[in-house]
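>>> I would like the atomic coordinates for the input below:
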Amino acid sequence: MEHVIFQASDLAKERVRVLDAARAGRAVVRDKDGTGLVMLPESHLAVLEGYARWSQTLQRLNVLVAAERQVSVAELGDLAWLRVFDKDDQRAFSDELHEALIAGLSDEDLSAVDEVVADWKVTARQLEDPLRRSVLLGATDPDDFVEAHKPQG
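Model prediction:
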């Protein structure tokens, strides 16, 4: 796709062409002082902003997971809900988030990122309850299980 650079005066004279270029993905307008201004669909901007925010969060998480110590809730910050997970699980979350970010940027849709985070938060809430945590993470023995019979009636 060819990128046309419009002049500020084109906003009045050729506004339809400028808007068409923006709708198609990008319109660059060169201001009188040489500053380049970009117009693009709002949905593209939302994806780019979300990608930047989550990429920064992912980078911070990777540093914390790599630390050879237990990280504090304050260090986790907005990811404090990850405190219930061990380092391996935090690393697994980081890997899933990374893959969702790559796919989301490619698809221009970060809903997969939102899904990954929501799913992990649900699991984190379950692990906060001591009884549920023991059921989910506790050891099992084959004698703990019995055969279920089909109900009659």
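>>> please make it C-alpha for all contacts and neighbour counts, starting now.
OK.
>>> burial count for G50?
Using other Cα atoms under 10 Å, G50 has 18 neighbouring residues.
>>> that one is in what secondary structure piece?
helix 42-66 (DSSP states H and E).
>>> same for that helix, what does it pack against?
helix 73-76, helix 87-107 (3 or more Cα pairs under 8 Å, 6 or more residues apart in numbering; DSSP states H and E).
>>> distance of L127 relative to D33?
Using Cα to Cα, to the nearest Å, one obtains 57 Å as the distance from L127 to D33.
>>> hang on, the earlier thing: and the helices and strands packed on helix 42-66 as a markdown table, adding mean pLDDT, mean neighbour count and distance to L64?
Formatted as a markdown table, the helices and strands packed on helix 42-66 follow (pLDDT from 0 to 100; neighbours: other Cα atoms under 10 Å; distance: least, Cα to Cα, whole Å):
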| stretch | mean pLDDT | mean neighbour count | distance to L64 |
| --- | --- | --- | --- |
| helix 73-76 | 95 | 13 | 8 |
| helix 87-107 | 97 | 17 | 9 |
